[in-house]
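Asker: coordinates only, sequence not included:
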DNA sequence: CTCTCGCTGGTCATATTGCCCAGTGAATGC
DNA sequence: GCATTCACTGGGCAATATGACCAGCGAGAG
């Protein structure tokens, strides 16, 4: 899906101030309201903008510890492992990857001690052979997309 | 920050249908509008809900390849490396971790070939000693928080 | 027993939304 | 050269949501 420069500005503006409405955006961007509305519809139906769900901070929820676990899976157990991990609330994300491990997942926990419990629960499943965990200390670059959007919008 | 059961329902509802307004929410949840409004304010100022920014899908933007890179940093170069990586749009996320590597970052690229370019750019910096990359094949559990919210809201 | 707090259910003026329309300009196809 | 398509403009409409209030109520705390 192609991203226009105007599309880029819309997304950036929306990311910076999510509360602005379509009308306010049209004012700021200097285009007609209908245009902004049409662009937004296109971006959403095109899948570029998936939604506007609330961004919840696990830390504020009482889960300040984040970790990444690399899992090694027993042959053919992939499906079961996926289901098992999907059932654990502390598993925020799961990927299957190439490379040394077979899966990579993001975990959160209430404390370092609690992380042990989470890991036990994650690993306590026959299909998982081995797990190596890296605890996150700092997060210099929190999940972001704006620079990418700007690049995609600019070069186009 | 403590999460109420009602808070939980608000967040879940909001995550499922972000477009509903405060009024509609109050109707669905069977409480007064002012209550929902007050709860939302509290959740936001408490940091539990960070915002309502648009969720952009890098794949739809033309970056369908995701990878995780583990970086090994030369002693004392941490700050410089952070700045370097923050300047690369394809770096969506960066963490410093315990364990074998020193940093973990999430990358996206336009293709597997393009990933090489991105990695070169990431690694092409004196402070980085070594990098090992894992390409994401599948994403069985996309980034989610709802189960965690429900747990935090339920047990409380 | 009193105070405080959160929730209710209501009002109000204002702003925004979704939807419609005709007109314009540029690019496209015949 | 000419007609068509498309995106954008600028406007107007009714319906709705918003933010800001208010008094009253019940429960829990001191």
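Answerer: Received it, and whenever you're ready, just let me know what you need. Please read all numbers here as calculations on a predicted model, not as lab measurements.
Asker: measure residue A:37 to DNA strand D for me?
Answerer: As judged by C-beta to the nearest atom of the strand, to the nearest Å, residue A:37 and DNA strand D stand 9 Å apart. Just so you know, the C-beta spots here come from the backbone N, C-alpha and C atoms, and that holds for glycine as well.
Asker: what about that residue, which SS state?
Answerer: The assignment at residue A:37 comes out as helix when based on DSSP: H, G, I helix; E, B strand; the rest coil.
Asker: what comes up buried for stretch A:75-84?
Answerer: A:77, A:78, A:81, A:82, A:84 (16 or more other C-beta atoms under 10 Å in any protein chain shown).
Asker: switch those residues over to JSON lines; also include pLDDT.
Answerer: As requested, those are exported to JSON lines (pLDDT from 0 to 100):
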{"residue": "A:77", "pLDDT": "89"}
{"residue": "A:78", "pLDDT": "88"}
{"residue": "A:81", "pLDDT": "94"}
{"residue": "A:82", "pLDDT": "95"}
{"residue": "A:84", "pLDDT": "96"}
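Asker: from those, which ones fall inside helices?
Answerer: When the buried residues of stretch A:75-84 are checked against helices using DSSP state H, the ones located there are A:78, A:81, A:82, A:84.
Asker: model confidence for residue A:132, exactly?
Answerer: At residue A:132, the pLDDT value in this model is 93.
Asker: then residue A:38?
Answerer: pLDDT, residue A:38: 94.
Asker: check residue A:35 too.
Answerer: Looking at residue A:35, the pLDDT reads 95.
Asker: any idea how far residue A:122 is from residue A:130?
Answerer: 12 Å (C-beta to C-beta, to the nearest Å).
Asker: quick one: common contacting residues for these two?
Answerer: Here residue A:130 and residue A:122 have residue A:71 as joint contacts, going by C-beta atoms under 8 Å, 6 or more residues apart in numbering or on different chains.
Asker: more neighbours, those two?
Answerer: Comparing residue A:130 with residue A:122 by neighbour count (other C-beta atoms under 10 Å in any protein chain shown), the higher total belongs to residue A:122, at 21 against 12.
Asker: tell me what the lengthiest strand in chain A is packed against?
Answerer: Secondary structure of chain A per DSSP state E: the longest strand is strand A:128-141. Here strand A:128-141 touches strand A:65-73, helix A:112-123, helix B:78-86, strand B:91-97, strand B:103-109, going by 3 or more C-beta pairs under 8 Å, 6 or more residues apart in numbering or on different chains; DSSP states H and E.
Asker: other SSEs contacting the last one?
Answerer: This means strand B:103-109. strand A:128-141, strand B:65-73, helix B:78-86, strand B:91-97, helix B:112-123.
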